[in-house]
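Chemist: structure, please.
(one chain, ligands or ions: 1)
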Amino acid sequence: ALERTLSIIKPDAVAKNVIGEIYARFEKAGLKIVAAKMKHLSRKEAEGFYAVHKERPFFNALVEFMISGPVVISVLQGENAVLAHRELMGATNPKEAKPGTIRADFADSIDANAVHGSDATETAKVEIAYFFAETEVFPR
Ligand code: CMP
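Modeler: Residues are numbered from 1 along each chain as shown. Got it, this is the predicted structure:
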């Protein structure tokens with residue numbers, strides 16, 4: 001099915017100057033960037049975005065990391081976009097990520113893991129709406 005998913009290029013990958021390399025992987029895989037913005041998240045925004053993780057032991061470190069520098073937030077559209085994006089990213093822990101995935105190539109640790117992607121279509125709807133108004137999404 002034609003789907004949309006939310007992508008975040010995290011502060012570590014922005015600092016490494018690999019925004020374009022990551023975007024190229026999305027486009028080569030047939031995903032279209034239909035919305036995009038660069039943003040330095042406030043603590044409130046990061047905590048709200050990751051609210052499902054708030055009881056997890058890594059929550060504070062995750063929020064600190066996500067507000068440590070600007071991120072690039074995008075909406076990707078394509079056939080099976082949620083799974084296609086997850087396959088491009090590789091496992092959450094870069095040590096477990098398959099060679100050739102974004103996290104294997106650009107991530108340093110489970111915290112500084114280069115990218116975030118929605119884990120399901122329902123989550124994607126919520127995550128996209130968290131950052132983009134429908135007028136800021138340009139399907140084509
Ligand atoms: P992300 O896909 O952005 O969703 C939550 C983030 O928490 C995850 O990527 C990791 O960067 C971070 N994190 C840190 N420790 C863990 C852990 N043990 N399990 C899952 N995510 C973790």
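
Chemist: per-residue confidence at the closest residue to E47 other than its chain neighbours?
Modeler: Spatial nearest neighbour of E47, chain neighbours left out: V63 (5.6 Å); criterion: CB to CB, 6 or more residues apart in numbering. Backbone N, C-alpha and C define where each C-beta goes, glycine included. At V63, the model reports a pLDDT of 98.

Chemist: mind checking which helix or strand V63 is in?
Modeler: Per DSSP states H and E, V63 falls inside helix 59-66.

Chemist: tell me if that helix is near the ligand.
Modeler: Yes: Helix 59-66 comes into contact with the ligand (CB under 6 Å from any ligand atom), by way of L62.

Chemist: for the protein, which residues are neighbours of the ligand?
Modeler: Close to the ligand, as judged by CB under 6 Å from any ligand atom, the chain has residues 53, 58, 62, 92, 110-111, 113, 116.

Chemist: I'd like to know how far the closest residue to R25 other than its chain neighbours sits from E47.
Modeler: Nearest residue to R25 in three dimensions, chain neighbours excluded: L88, at 5.5 Å (CB to CB, 6+ apart). Distance of L88 to E47, given as CB to CB, to the nearest Å: 27 Å.

Chemist: what do you get for R103?
Modeler: According to CB to CB, R103 and E47 sit 23 Å apart.

Chemist: in terms of neighbours, single out the busier of those two.
Modeler: Using other CB atoms under 10 Å as the criterion, R103 and E47 rank with R103 on top: 23 against 18.

Chemist: would you map the helices across the protein?
Modeler: All helices of the chain, identified by DSSP state H, fall at 11-15, 19-28, 43-49, 59-66, 81-89, 102-106, 121-131.

Chemist: I'd like the mean pLDDT over the first one, please.
Modeler: Here helix 11-15 scores 98 as its mean pLDDT.

Chemist: outside of that helix, which residues touch it?
Modeler: The contact list for helix 11-15 (CB atoms under 8 Å, 6 or more residues apart in numbering) reads 19, 22, 38, 65-66, 68-72, 106-108, 112-115.
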